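**Student:** I need the structure of the sequence given here:
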Amino acid sequence: MPQQTDSRTGTHIRHSVTVPVSAERAFDVFTAGIGAWWPHAYTWSGDVLERIGIEPRENGMCFEIGPHGFRCDWGRVLVWKPPQRIVFLWQISPRRVPEPNPEKASEVEVRFTAEGPARARVDLEHRHFEKHGEEAALYREGMDSPQGWAYILARYAAATV
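**Tutor:** Coordinates of the predicted model:
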């Protein structure tokens with residue numbers, strides 16, 4: 001059964017989950033398999049979402065595709081080190097709209113650590129909320145709520161089983 005922990009520090013949020021798969025599989029499910037677990041309600045396309053993805057390379061885009069080819073880029077990959085680590089800009093504003101200015105984007109880092117051949121610890125840190133401006137504290141609070149990263153990582157962990 002996946003286990004989840006969290007800790008809060010300043011303008012950072014940290015959550016961890018342990019999943020019953022290899023670090024390689026955990027990385028693959030998080031990146032290539034994001035469409036199977038990312039909540040559709042947490043996209044702009046919602047129920048008509050056709051695809052959500054992460055381009056597998058540094059400077060690749062985190063994106064969604066909706067009906068009629070609608071595409072929304074919501075992040076950019078800063079570090080691509082399979083199967084250990086991915087870091088991406090979180091270019092979603094506190095008002096849940098795309099933030100095209102990377103200077104106003106927070107950052108998400110996810111690390112995958114093998115704890116055996118069929119067990120991995122996944123550590124997520126969402127940092128630099130201060131870049132989101134006046135609504136940063138409220139945004140951080142929302143992402144740290146049970147409906148934020150805790151919910152998203154629980155869906156991810158369930159998809160690894």
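
**Student:** the closest residue to residue 37 other than its chain neighbours in helix, strand or coil?
**Tutor:** Nearest non-adjacent residue to residue 37, counting by CB to CB, 6 or more residues apart in numbering: residue 159, 3.7 Å away. The C-beta positions use only the backbone N, C-alpha and C, and glycine is treated the same way. Here residue 159 is recorded as helix under DSSP: H, G, I helix; E, B strand; the rest coil.

**Student:** residues in contact with residue 159?
**Tutor:** Going by CB atoms under 8 Å, 6 or more residues apart in numbering, residue 159 touches 29, 33, 36-37.

**Student:** which one of these has the most neighbours?
**Tutor:** When neighbours are counted by other CB atoms under 10 Å, residue 29 leads those with 22 neighbours.

**Student:** and for this structure, the residue most distant from the center?
**Tutor:** residue 68 (25.2 Å; CA atoms, centre = their mean).

**Student:** in JSON lines: the contacts of residue 159, plus distance to residue 23.
**Tutor:** Listed next are those as JSON lines, based on distance: CB to CB, whole Å:
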{"residue": "29", "distance to residue 23": "11"}
{"residue": "33", "distance to residue 23": "14"}
{"residue": "36", "distance to residue 23": "18"}
{"residue": "37", "distance to residue 23": "17"}
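
**Student:** need those residues in JSON lines with secondary structure, pLDDT and distance to residue 62, can you?
**Tutor:** Conversion of the contacts of residue 159 to JSON lines gives the following (DSSP: H, G, I helix; E, B strand; the rest coil; pLDDT from 0 to 100; distance: CB to CB, whole Å):
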{"residue": "29", "secondary structure": "helix", "pLDDT": "98", "distance to residue 62": "16"}
{"residue": "33", "secondary structure": "coil", "pLDDT": "98", "distance to residue 62": "14"}
{"residue": "36", "secondary structure": "helix", "pLDDT": "97", "distance to residue 62": "16"}
{"residue": "37", "secondary structure": "helix", "pLDDT": "98", "distance to residue 62": "14"}
